[in-house]
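*Asks:* return atomic coordinates for the entry below.
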Amino acid sequence: MNNTAQQTANDDSNDNTLVLECTDIGKVYSEGVGKLEVLSDINLQLRKGEMVAVVGTSGSGKSTLLNLLGGLDKPSSGRVAVCGTNIHELSEKELCQLRNRSMGFIYQFHHLLPEFTALENVAMALLIGGVSPRVAMPKAEALLKRVGLGARLTHKPGMLSGGERQRVAIARALVTEPDVVLADEPTGNLDERTAQSVQDLMIELNESLSTSFLLVTHDSEFAARCRRRLVLHEGRLASA
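*Replies:* Residues are numbered from 1 along each chain as shown. The predicted structure is shown next:
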């Protein structure tokens with residue numbers, strides 16, 4: 001394969017389970033009478049417990065790649081597999097169920113529901129998946145306490161700082177115990193001090209929970225703290 005960006009986890013990892021794999025992914029958009037190739041021959045493997053950063057200039061296709069990996073958009077060519085399941089063979093209902101069960105998402109802007117409390121926002125992912133409130137609420141509370149928001153359970157997003165809102169978003173992404181979390185510029189909208197705190201939290205949770213993270217970021221220092229750093233350039237992915 002061309003431009004393959006496939007590496008195993010650190011030597012000290014005992015679990016080589018693949019949680020995310022894309023093979024020969026390409027994405028082409030129609031542009032008037034012509035076509036715009038955004039991604040070409042993308043190959044990537046993410047194993048259990050890995051934290052991998054994808055860096056690249058603005059407009060290089062990082063967010064497009066993340067949308068394809070999360071099943072939020074369809075590639076023009078190639079395949080994406082989550083925990084061994086080809087997501088392109090699933091119905092929309094099955095894909096939604098897989099995303100709810102196996103994937104978590106963190107965005108640059110938190111996308112919390114403003115009319116709900118921090119606790120309700122985090123529990124929502126469980127409730128949508130069919131978990132009873134009796135189970136969902138204590139689980140959401142425990143995770144919010146873990147990310148340092150035990151005193152903010154009943155606060156709505158408008159009552160929280162930017163860093164606190166992003167911590168709620170991280171808790172929401174992790175509450176279903178997903179196999180992989182996809183993060184799109186998760187600290188890009190925060191000041192330097194708050195961003196550092198959120199980065200520390202994500203790395204701690206990755207190490208303690210063995211949850212895999214694939215994140216796109218402009219922050220070279222954050223990327224350097226990840227186990228692997230990949231570069232997306234002119235629609236192609238390569239190891240840094």
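*Asks:* quick one: what helix or strand has the spatially most central residue of the chain in it?
*Replies:* Taking CA atoms, centre = their mean as the criterion, residue 182 is the residue nearest the geometric centre of the chain, at 1.0 Å. For residue 182, the element it lies in under DSSP states H and E is strand 180-184.
*Asks:* helix or strand next in line after that strand, which one?
*Replies:* helix 192-209.
*Asks:* tell me how far the residue at the greatest distance from the centre of the chain lies from residue 231.
*Replies:* Distance to the chain centre peaks in the chain at residue 33, reaching 34.3 Å (criterion: CA atoms, centre = their mean). Residue 33 sits 32 Å away from residue 231, going by CB to CB, to the nearest Å. Any C-beta I mention is one placed from the backbone N, CA and C, and that applies to glycine too.
*Asks:* I figured residue 160 hits residue 117, correct?
*Replies:* No - at 9.9 Å, residue 160 does not count as touching residue 117 under the criterion of CB atoms under 8 Å.
*Asks:* and the closest residue to residue 215 other than its chain neighbours, how many neighbours?
*Replies:* Among residues not flanking residue 215 along the chain, residue 183 sits closest, at 3.8 Å (CB to CB, 6 or more residues apart in numbering). When neighbours are defined as other CB atoms under 10 Å, residue 183 has 23 of them.
*Asks:* and the one 4 residues further on, by the same measure?
*Replies:* Residue 187 has 25 neighbouring residues, counting by other CB under 10 Å.
*Asks:* list the contacts for the closest residue to it other than its chain neighbours?
*Replies:* Nearest residue to residue 187, sequence neighbours excluded (CB to CB, 6+ apart): residue 195, at 3.8 Å. Residues counted as contacts of residue 195 (CB atoms under 8 Å, 6 or more residues apart in numbering) are 187, 219, 222.
*Asks:* next one: residue 195 from residue 27, what distance?
*Replies:* Taking CB to CB, one finds residue 195 at 29 Å from residue 27.
*Asks:* and residue 140, by the same measure?
*Replies:* Per CB to CB, residue 140 is found 35 Å from residue 27.
*Asks:* of those two, who's got more company?
*Replies:* Taking other CB under 10 Å, residue 140 and residue 27 do not tie; residue 140 has more neighbours (28 against 22).
*Asks:* now the angle from the helix or strand harbouring that one to helix 192-209?
*Replies:* For residue 140, the host element (DSSP H and E) is helix 133-146. Here the directions of helix 133-146 and helix 192-209 differ by 120 degrees (axes from the mean of the first three to the mean of the last three CA atoms, to 10 degrees).
*Asks:* tell me what helix 133-146 is packed against?
*Replies:* Packing partners of helix 133-146 (3 or more CB pairs under 8 Å, 6 or more residues apart in numbering; DSSP states H and E): helix 118-128, helix 162-174.
*Asks:* tell me which residues in the shortest one are buried?
*Replies:* Along helix 118-128, these residues count as buried under the neighbour rule (16 or more other CB atoms under 10 Å): 118, 119, 120, 121, 122, 123, 124, 125, 126.
*Asks:* and the residue farthest from the centre of the chain, how far from residue 129?
*Replies:* For residue 33, the distance to residue 129 - CB to CB - is 44 Å.
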